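Novice: Got a predicted structure plus its sequence, pasted below:
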Amino acid sequence: MIVYHGSIRNFQNFNKETVVQNLSNDINTIGFWFTSNFDSAKPFATGSESVIEISKSEFWENGEPKVIQYERAGSGFIYKVYIDEPNLKIFESNTEDSFDMFMRERDEFCDYLGAKKRNVTWEDGAILLNKEEANTEFRKSLIKQGYEGLLIRKALIHNMITDLYCIFSQESLLITEVLPLEV
């Protein structure tokens, strides 16, 4: 199966250090995220990155140049990736939103600010207190059930409908092509 991954960064292999994904709802650390088509991966390949460099115009009192940090806008890359048919937990429904189904299942592992007052969920816009732990426990739960990732059918992301794939291990990912995004 071919999927697409957009990133501002250029890398040769998927690993937790090189892949930084900017996903909403604190789901980015569940695994490696992909879209089913090229166009829906594009928004993930645009944005800004932090740049640290020696200033040419700002100096300390002793004449040494200051080290400055700023955000630089840019475009990155779309990775065309081959995945060898993993066993995926599929979130799909004809009667309800597939992304909502996925988030409600993940909510079982989440601790939201104010949860002691009532049953707070992701839809309440509450602050997630245990992002890393919740994502790790959710992933472990799916792995224990025999899944290597998940698929959210017909998800609305960046005003586009696409299938979203999340793969838990970088070992099954083969980059077949790296396409620079021209904005």
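Specialist: Ah, there it is.
Novice: Output the contacting helices and strands for the top helix by length along the chain.
Specialist: Ranked by residue count under DSSP state H, the longest helix found in the chain is helix 131-144. On a contact count with 3 or more C-beta pairs under 8 Å, 6 or more residues apart in numbering; DSSP states H and E, helix 131-144 meets helix 98-107. Just so you know, the C-beta spots here come from the backbone N, C-alpha and C atoms, and that holds for glycine as well.
Novice: which other residues reach the helix it packs on?
Specialist: By C-beta atoms under 8 Å, 6 or more residues apart in numbering, the list of residues contacting helix 98-107 from outside reads 25, 27, 30, 91-93, 121-123, 134-135, 138, 150, 152-156, 164.
Novice: Listing partners with orientation, what would you give for whatever helix or strand Leu151 lives in?
Specialist: Per DSSP states H and E, Leu151 falls inside strand 149-157. Sheet pairing for strand 149-157, assigned by DSSP bridges, gives strand 88-91 (parallel), strand 160-167 (antiparallel).
Novice: Determine how far the shortest one lies from the middle of the whole chain.
Specialist: From the chain centre to the centre of strand 88-91 is a distance of 17 Å (C-alpha atoms, centre = their mean, to the nearest Å).
Novice: what's around Ala131, how many residues?
Specialist: For residue 131 the amino acid is Lys, not Ala. 17 (other C-beta atoms under 10 Å).
Novice: Relative to Asn130, how far out is the nearest residue to it once chain neighbours are set aside?
Specialist: Counting by C-beta to C-beta, 6 or more residues apart in numbering, Lys131 lies nearest to Asp26, which is 4.5 Å off, once chain neighbours are set aside. Distance, Asp26 to Asn130, using C-beta to C-beta, to the nearest Å: 10 Å.
Novice: partners of the strand ranked longest in the chain in the sheet?
Specialist: For the chain, the longest strand by residue count, based on DSSP state E, is strand 46-59. Partners of strand 46-59 in the sheet, by DSSP bridges, are strand 65-75 (antiparallel).
Novice: could you list every residue that touches Glu108?
Specialist: Phe138 are the contacts of Glu108 under C-beta under 8 Å, 6+ apart.
Novice: residue farthest from the centroid of this structure?
Specialist: What lies farthest from the middle of the chain is Asn62; by C-alpha atoms, centre = their mean that is 44.0 Å.
Novice: hang on, that residue in a helix?
Specialist: No. Asn62: not assigned to a helix; according to DSSP: H, G, I helix; E, B strand; the rest coil it is coil.
Novice: contacting residues around it?
Specialist: Asn62 neighbours (C-beta under 8 Å, 6+ apart): none.
Novice: Adjust the sequence numbering to begin at 6 for everything that follows.
Specialist: Happy to do that; since the first residue is 6 now, the last one works out to Asn67.
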